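*Asks:* Could you work out the structure for the sequence below:
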Amino acid sequence: MNQTPTKTDKLHFVVQEHRATRLHWDFRLEMDGALVSWALPKGPCTDPSVKRLAVRVADHNYDYKDFEGVITGDQYGAGKVIIWDEGFYEPVNLPAGASSLHDNWLAGGDLKFSMHGRKLKGLWALFLTAGGRFGANSWLLVKKKDEFAASGEIVQQQPRSVRSGKTVDEISEADGCIGCETWD
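*Replies:* Residues are numbered from 1 along each chain as shown. Just a heads-up that it's a prediction; the model follows:
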């Protein structure tokens with residue numbers, strides 16, 4: 001995997017709404033130069049009483065955080081993609097002396113972090129479950145109680161891309177690939 005180091009000390013995150021075989025949201029956290037990724041079948045929810053399934057999927061190249069457009073043909077993940085949200089995050093429970101987010105934080109299966117996005121803000125947690133339908137890849141994403149917690153479905157209340165202003169259904173091949181000149 002091509003790992004491009006970040007240009008700042010801030011850790012990026014991106015949430016891409018992806019209409020492929022099934023509609024889902026790809027939740028990606030920058031760790032050690034790559035995007036560690038989970039598929040959220042129902043998208044993130046800002047209601048702390050709601051736990052959302054997050055299925056761990058393959059890491060992606062760092063540059064993929066800028067991809068918005070259409071994945072064509074028979075390519076893996078073919079379908080429409082928008083950048084639903086993006087920003088920075090800070091680990092809250094990083095072990096003392098940790099040299100690698102991937103090895104020292106992710107491996108523990110209990111991630112707590114503060115998000116500074118355009119839509120997603122405040123404290124969140126991702127934690128590994130004890131199995132389930134997706135086995136070792138089954139995680140849950142939960143919004144923690146804070147001033148940014150809210151009831152309702154944010155993905156339905158705010159369906160537009162933070163980059164293009166389009167919904168996933170409005171993206172077309174004619175739009176090209178917004179911000180993905182380095183993606184292949």
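
*Asks:* quick one: the nearest residue to residue 10 once chain neighbours are set aside from residue 49, how far?
*Replies:* Nearest non-adjacent residue to residue 10, counting by CB to CB, 6 or more residues apart in numbering: residue 88, 4.2 Å away. Bear in mind the C-beta positions are built from the backbone N, C-alpha and C, glycine included. The gap separating residue 88 from residue 49 is 26 Å, by CB to CB, to the nearest Å.

*Asks:* Compare these two and say which is more crowded by neighbours.
*Replies:* residue 88 (16 against 10; other CB atoms under 10 Å).

*Asks:* Go ahead and confirm the more buried one touches residue 13.
*Replies:* Yes. Using CB atoms under 8 Å, residue 88 is in contact with residue 13, at 7.0 Å.

*Asks:* any common contacting residues for these two?
*Replies:* By CB atoms under 8 Å, 6 or more residues apart in numbering, residue 88 and residue 13 have these common neighbours: 115, 117.

*Asks:* Please, where are all the strands along the chain?
*Replies:* For the chain, the strands defined by DSSP state E cover 11-19, 23-31, 34-40, 51-61, 68-71, 79-91, 110-117, 121-128, 138-143, 177-178.

*Asks:* Let me have those strands in TSV, extended by distance to residue 169 and mean pLDDT.
*Replies:* Shown next, in TSV, are the strands of the chain (distance: least, CB to CB, whole Å; pLDDT from 0 to 100):
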stretch	distance to residue 169	mean pLDDT
strand 11-19	7	97
strand 23-31	10	97
strand 34-40	18	97
strand 51-61	22	96
strand 68-71	12	92
strand 79-91	7	97
strand 110-117	22	97
strand 121-128	26	97
strand 138-143	24	97
strand 177-178	16	56
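
*Asks:* Of those, which is nearest residue 101?
*Replies:* Minimum separation from residue 101 across these (CB to CB) falls at strand 23-31, 4.0 Å.

*Asks:* for residue 42, what are its contacts?
*Replies:* 25, 52, 53, 155.

*Asks:* got JSON lines for these, with neighbour count and distance to residue 101 too?
*Replies:* Output for the contacts of residue 42, formatted as JSON lines (neighbours: other CB atoms under 10 Å; distance: CB to CB, whole Å):
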{"residue": "25", "neighbour count": "24", "distance to residue 101": "21"}
{"residue": "52", "neighbour count": "20", "distance to residue 101": "22"}
{"residue": "53", "neighbour count": "18", "distance to residue 101": "23"}
{"residue": "155", "neighbour count": "20", "distance to residue 101": "26"}
